[in-house]
Every structure is written in structure tokens, then in C-alpha cells.
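J.: Fold the following for me, if possible:
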Amino acid sequence: MIAGFGDIGGRVARRLVQRGWQVTAIIRTPQKRIAAECSSAVPRTLDLDHPEDIGDADILFWFAPPRAEGVRDERLRAFLDAQRGRIGRVVYISTSGVYGDCAGRWIDEDEPLNPQTDRARRRADAEYALADWSRRSAAEIVVLRVPGIYGPGRLPRQRLERGLPVLRPDQSPCSNRIHADDLAAVAVLAAERGGAGRAYNVADGNPTTMADYFLRCARLLGLPPPRELDLDAARRELSAAMWSFIEESKRLRIDRARDELGFAPRYPDLESGLPSCLEP
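T.: Model (predicted):
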């Protein structure tokens, strides 16, 4: 089953169907029903904010985001409390933001969690909730800690068209990214091969900077490059949400995903991945 059936859910469903799996997409709207059927998944209507027991499932992919307030993932917690069937394994997409600011260091999964925004605290809370539920239910939990996702339909076109500025490259923090296709691929690998209770950093393995990403996207889309700000100007002009990303800098090691899951990114850097975002 896939809960949170968006772009990544559809990509995962198509891969699983190709492997001969039967896939159920948990959906809430008619539009999502169409998307599920186009992915050859069986739609099942359920409001995750009013959860019910889903019964038995070999694997549950939880891609549904937390609600946008508080420091706990009440949506996931309520769902787990409602379950009475047997769920063999949960693959959960978390965020690399749970590590907080690491001053640009290379880090692996042994880095202590130190979330510094409510957005990241909700994801860390979800990890804790799943670990606790696993002890009570015997379900296996595999966590994917994911940075920024890009891919077809996921480029910052509107931001660039609006002419919003970026921090200048020499002051821009380290930034990690993963192509949507590679994230879908590693989610399937996590379901098949991931160690119970293990967390995996998922990225392309070649971090650059946030400024580099926006500048590359502008060139790819044929748009003017964004205006560049120094730190003082950025503090005044950038949104609080964007500034929260600037305050955190890290480089993700993906050795565990390579060694234990056999993950080999199809798009190991932005140079190879960005052109694919324009393909139909």
C-alpha cells in the first residue's frame, strides 16, 4: 500500500507493478483516483486525517507529509493507533533536515538527530513514533532521509519567473538533492532489501549549493539568472522558509544506501539529472 499518493507514490507504484506486485493507493480525491489507475494501482479511498484500520499489508510506503503545524506528526500517530492488522514493513520518507545544521560537514546516518525547525521536528517525531510502534506491532521500519527532490514538473520555474533572489554562490550553504526517479528506485530497494530499523541517507552523492541549483535551473529553462544577495541583504529579503534552509549546511554520505541497498543513482549529479526534467 502507498499512503500519500503524489508524484513519488506514482513513480513507486509503476515500478512495483512492473515487478508483478499488487499495489493499493490510499487516496482521498477523485483526481488521485485517476492518477492511481494510470499507475495500475488499485485505489482505496481513505482520509488520513480520519484514519481507520487498513487491515493486513506486506509493505506500507508512507509518503504522506505531516500537517503543517506543531512539532509532532499527529497524522501519522493517529494512523498508527488505528491499525489492528498485520503490517510487515513500513518504508518512511523522512528528511535530511532532521540532522539540523552540520556546518557543511560530510555526515552519515550515525549523526545525532538535531532538528532545528518545526518542519524537521515533525519528521523526527515521525521517526520516533514509528520506532515505538514497531516495538509494539513487530512491523519492520525502514527510514529514508531525503534532501531536496527535483525532476520533471518539480523545477523552481515560478520562483525564477518571479525574479526572486538567491544568496550569492560564495556564501551559499552546501545543498543535497535527489532526482525523483532515483528516489522512487531507492524506495523500492528499501522495501526489498532495507535492514529492519535502519535509516538511509538518500541523495545523489554530489552536493553543490542552493545558489548553484537555482542558477543551473535558470540556464536550463532559458530564464534570466536570479539576483544574488549577500548574507545581510538575504536576511532582510528572503522568506523565513527560505532562510531556514540557508541556516543549515551539510553533505550527505550515501555509502550505506550503496552498500546495503545496492543504490546506484541514475542521475549522480545535477549536470546529468537536470536535462531529463525537460523530457516529456
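J.: pLDDT weak spots in the protein?
T.: For the chain, applying pLDDT under 70 flags the ranges 279-280.
J.: Show me how far the longest strand along it is from its chain's centre.
T.: Using DSSP state E, we find that the single longest strand of the chain is strand 87-95. Its chain's C-alpha centre and that of strand 87-95 lie 12 Å apart, by CA atoms, centre = their mean, to the nearest Å.
J.: Output that strand as PDB - backbone C-alpha positions only.
T.: Only the C-alpha atoms of strand 87-95 are listed here, as PDB (Å, rounded to 0.1, in the frame of the first residue of the first chain):
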ATOM      1  CA  ILE A  87       1.800  -4.600   8.500                       C
ATOM      2  CA  GLY A  88       5.000  -6.300   7.700                       C
ATOM      3  CA  ARG A  89       7.200  -3.400   6.800                       C
ATOM      4  CA  VAL A  90       6.900   0.400   6.600                       C
ATOM      5  CA  VAL A  91       9.100   2.500   4.300                       C
ATOM      6  CA  TYR A  92       9.000   6.100   5.500                       C
ATOM      7  CA  ILE A  93      10.300   9.100   3.700                       C
ATOM      8  CA  SER A  94      11.800  11.500   6.200                       C
ATOM      9  CA  THR A  95      14.100  14.500   5.600                       C
END
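J.: What pairs with it, parallel or antiparallel?
T.: strand 57-62 (parallel), strand 140-146 (parallel) (DSSP bridges).
J.: Now do the shortest one: everything it contacts.
T.: Spelled out, it's strand 57-62. 1-4, 9, 12, 24, 54, 76, 85-93, 187, 191 (CB atoms under 8 Å, 6 or more residues apart in numbering). Just so you know, the C-beta spots here come from the backbone N, C-alpha and C atoms, and that holds for glycine as well.
J.: Helices of the protein, residue ranges please.
T.: Listed in chain order, the helices of the chain (DSSP state H) span residues 7-18, 30-38, 74-82, 118-137, 157-161, 180-193, 210-221, 231-237, 240-246, 255-256, 270-273.
J.: Find the nearest non-adjacent residue to residue 11, please.
T.: Nearest non-adjacent residue to residue 11, counting by CB to CB, 6 or more residues apart in numbering: residue 184, 3.6 Å away.
J.: Same check on residue 169?
T.: Spatially, and ignoring its direct neighbours in sequence, residue 169 is nearest to residue 211 (4.3 Å; CB to CB, 6+ apart).
J.: thought residue 151 was touching residue 277?
T.: Yes: contact status for residue 151 versus residue 277: in contact at 5.9 Å, counting by CB atoms under 8 Å.
J.: of those two, who's got more company?
T.: residue 151 (22 against 19; other CB atoms under 10 Å).
J.: who touches the nearest residue to that one once chain neighbours are set aside in this structure?
T.: Nearest non-adjacent residue to residue 151, counting by CB to CB, 6+ apart: residue 180, 3.1 Å away. Listed by CB under 8 Å, 6+ apart, the contact partners of residue 180 are 7, 8, 11, 149, 150, 151, 152, 154.
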